[in-house]
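J.: Using only what follows, build the 3D model:
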Amino acid sequence: MMLTELCHELKNYFLRNREADIHSGTFTISEGVIEPLSFLAEGQYYRIVGSVFNDGVHKYGDEEDSLVDETFEGAVWAMAVPPSVVALASEIETWVAENSEAMNSPYQSESFGGYSYSKGSTESGAGGYTWMDQFAGKLKNWRRIHL
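T.: Next up is the predicted model:
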């Protein structure tokens, strides 16, 4: 899920109150569902930490977000992700899908016949350009220095 990558890149998991929003203990996932999480509202995003199979950001009650069954000692973070960040994650996901071939290309630019193209000049990705570079201006609004 792009939201997991985005929150990691931003170092921001959108906690309202660190002490109140991080719930530690033993959690069981059965039949793809983690229950009970009475501290989450239907449709709320949450982060699983300490799981073997399910670490990352998930959406509570989302039937498409099936979890792998396990019992783990860890934490579940109740997140308050702004709709604009969810929209940004979707925008990034679309951009990555449309540009994955160029992003994975080892070439910075190429031209042949009447065709030519150049990627950005940043050297951070394998081919020199990543979604972090493309969306740097939008990411800075939400970036934190540390968790």
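J.: Can you list the neighbours in contact with stretch 39-52?
T.: 3-4, 7, 13-14, 23, 27, 29, 34, 37, 54-62, 67, 70, 72-81, 86 (C-beta atoms under 8 Å, 6 or more residues apart in numbering). The C-beta positions use only the backbone N, C-alpha and C, and glycine is treated the same way.
J.: go with 6 Å
T.: With contact meaning C-beta atoms under 6 Å, 6 or more residues apart in numbering, stretch 39-52 is reached by 13, 54-55, 57-61, 72, 74-79, 81.
J.: Name only those of those residues that count as buried.
T.: Among those, the ones that count as buried by 16 or more other C-beta atoms under 10 Å are 13, 54, 57-60, 72, 74-79, 81.
J.: For the longest helix belonging to the chain, C-alpha coordinates in CSV please.
T.: Longest helix in the chain, counting residues (DSSP state H): helix 83-104. What follows is helix 83-104, C-alpha atoms only, in CSV (Å, rounded to 0.1, in the frame of the first residue of the first chain):
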residue,chain,number,x,y,z
PRO,A,83,-8.0,13.2,3.4
SER,A,84,-5.5,15.3,1.5
VAL,A,85,-2.7,12.8,2.4
VAL,A,86,-4.8,9.9,1.3
ALA,A,87,-5.5,11.7,-2.0
LEU,A,88,-1.7,12.4,-2.3
ALA,A,89,-1.0,8.7,-1.8
SER,A,90,-3.5,7.8,-4.6
GLU,A,91,-1.9,10.4,-6.9
ILE,A,92,1.5,9.0,-6.2
GLU,A,93,0.3,5.5,-6.9
THR,A,94,-1.1,6.5,-10.2
TRP,A,95,2.1,8.4,-11.1
VAL,A,96,4.2,5.4,-10.2
ALA,A,97,2.1,3.0,-12.3
GLU,A,98,2.3,5.4,-15.3
ASN,A,99,6.1,6.0,-15.0
SER,A,100,7.4,2.7,-13.6
GLU,A,101,9.1,1.8,-16.9
ALA,A,102,11.0,5.1,-17.1
MET,A,103,11.8,5.1,-13.4
ASN,A,104,13.4,1.6,-13.7
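J.: For the residue of the chain most remote from its centre, give its distance to residue 101.
T.: Farthest-out residue of the chain from its mean C-alpha position, per C-alpha atoms, centre = their mean: residue 113, at 39.5 Å. Distance from residue 113 to residue 101, counting by C-beta to C-beta, to the nearest Å: 18 Å.
J.: Having no further points to raise, I will conclude here.
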